[in-house]
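Visitor: sequence-free structure coming up:
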């Protein structure tokens, strides 16, 4: 096995360039899944030699972790690759599909592995979906080293993960992929497909912006373009026709909900009218309840503007009344 930060062994191509039998039936994003940590894009703050995961790899020891970040940033890939660091038995489950009975079986198998001298790395996708009692079931097994737990979540761990479990784990934050990392993913896709992506330069830039830091979404769009585009490269209008538009990232009561509310409030506080209108539109298009936004504006007019402009609260309340009427 090669060094996870080094180059692949002699004669082995990088994972992004391998096209094995049966690959045609697998999604492009899965075919391009990294096989070495140096192929993971956009997370140098975690994976460089002096970063937390880089130091773990150098020591050959992985501790229990929470990988917190947006979709398509490499959480599952990093967990899989970390299992190779210490020669772990790798087990992956989804908190959406697994229950207490599944966890008991995993813990029993991990105990047998431990007695045989091998540790188990348990990767739990969407770990925030487990309730508190299910999360508590991990505690004794993490405590005695039966399992090394790596959880992935798109939600703030402080809100969703038990304090007792958090105290035994290190939280690492993954960033959205920047334009350079996204473009590098497209280059790898083009190398695998052995042809350029059939888009003009303007459409390529629009595709990177549309991905909004989500590598998986970008590769899914690229696969659709490889399949659907004709001989001539498509322009921005053609890109919109083929891919439509991405649904805005928003939710009713979780991370996206509070992030947009905070962005709107801070834009107003900074007297940035354009930014405030942008975040307001994002929230409304995403399906936010207008009454929630109006309550935010009333709070802002009262607490942040206050006596600096006594009419601010009057105007906010008038908007609320007008909407309700």
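Guide: Right, received. Where do you want to start? Remember, it's a predicted structure, so these values are computed and weren't measured experimentally. Residues are numbered from 1 along each chain as shown.
Visitor: What mean pLDDT does stretch 311-320 get?
Guide: The average of the pLDDT scores along stretch 311-320 is 94.
Visitor: now stretch 122-140
Guide: 93.
Visitor: Run through who's touching that stretch.
Guide: Stretch 122-140 has contacts (CB atoms under 8 Å, 6 or more residues apart in numbering) with 66, 75-76, 79-80, 83, 90-96, 98-100, 103, 106-107, 110, 146-155, 157, 160-162, 164-165, 168. For glycine as for every other residue, the C-beta is placed from the backbone atoms N, C-alpha and C.
Visitor: quick one: which of those residues sit in helices?
Guide: 75-76, 79-80, 83, 100, 103, 106-107, 110, 157, 160, 164-165 (DSSP state H).
Visitor: Buried subset of the contacts of stretch 122-140 as a PyMOL selection?
Guide: A single PyMOL command selects the buried members of those (16 or more other CB atoms under 10 Å):
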select buried, resi 66+75+76+79+80+83+90+91+93+95+98+103+106+107+110+146+147+148+149+150+151+152+153+154+155+157+160+161+162+165
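Visitor: Show the pLDDT at residue 289.
Guide: At residue 289, the pLDDT value in this model is 88.
Visitor: State the number of residues packed around it.
Guide: Residue crowding around residue 289 was assessed by other CB atoms under 10 Å; the count is 12.
Visitor: how close does it sit to residue 323?
Guide: Distance, residue 289 to residue 323, using CB to CB, to the nearest Å: 11 Å.
Visitor: ok, what's across the strand from the closest residue in space to residue 89 that isn't next to it in sequence?
Guide: The shortest distance from residue 89 to any non-neighbouring residue, by CB to CB, 6 or more residues apart in numbering, is to residue 120 (4.7 Å). Residue 120 has these beta-bridge partners by DSSP bridges: residue 89, residue 147.
Visitor: Surely residue 120 is in contact with residue 110?
Guide: Yes. Checked against CB atoms under 8 Å, the pair residue 120 and residue 110 is within contact range at 3.9 Å.
Visitor: picking that back up, from residue 97, how far out is the residue nearest to residue 89?
Guide: 19 Å.
Visitor: what number of residues lie near residue 288?
Guide: Using other CB under 10 Å as the criterion, residue 288 is surrounded by 22 other residues.
Visitor: pLDDT score assigned to residue 1?
Guide: 39.
Visitor: Oh, that last question was meant for residue 11, not what I typed.
Guide: 38.
Visitor: start at 49 instead
Guide: Got it, first residue is 49 now, which makes that one residue 59.
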